[in-house]
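[1] Got a predicted structure plus its sequence, pasted below:
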Amino acid sequence: MAENNDWNVIFSYTRAQVLADGVLIDVTTQAKVLGFRVPVAVTENLYHGYVEMASGLESQGQSTTGPTP
């Protein structure tokens with residue numbers, strides 16, 4: 001990261017810390033299937049509200065990991 005001496009950093013929150021805290025959910029593996037080449041994370045609210053499937057749908061072939069080879 002470029003250093004800018006005009007600003008004082010008063011707080012730093014790394015990606016690893018955010019993921020460990022559960023504020024963001026890493027969906028890089030799922031995103032690669034869709035063609036993303038960079039790490040991808042979404043908010044826990046988005047993940048639990050729209051990405052994570054409702055219980056009981058596994059038997060209907062639904063999956064957040066994609067098709068099984």
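    That came through, no problem.

[2] hang on, residue 30 in a helix?
    Yes. When DSSP: H, G, I helix; E, B strand; the rest coil is applied, residue 30 is found to be in a helix.

[3] From residue 40, how far off is it?
    For residue 30, the distance to residue 40 equals 8 Å [Cβ to Cβ, to the nearest Å]. Placement of C-beta: from N, CA and C, glycine included.

[4] Same check on residue 25?
    From residue 25 across to residue 40, the span is 10 Å (Cβ to Cβ).

[5] now swap in residue 49 and tell me
    With distances taken as Cβ to Cβ, residue 49 is found 17 Å from residue 40.

[6] Those two: who's more crowded?
    Remark: of residue 49 and residue 40, residue 40 carries more neighbours, 16 against 9, as counted by other Cβ atoms under 10 Å.

[7] what sits against the more buried one?
    If you count contacts by Cβ atoms under 8 Å, 6 or more residues apart in numbering, residue 40 has them with 26, 27, 28, 30, 31.

[8] The second one contacts residue 41, correct?
    Just to be clear, that refers to residue 27. Yes. Using Cβ atoms under 8 Å, residue 27 is in contact with residue 41, at 6.5 Å.
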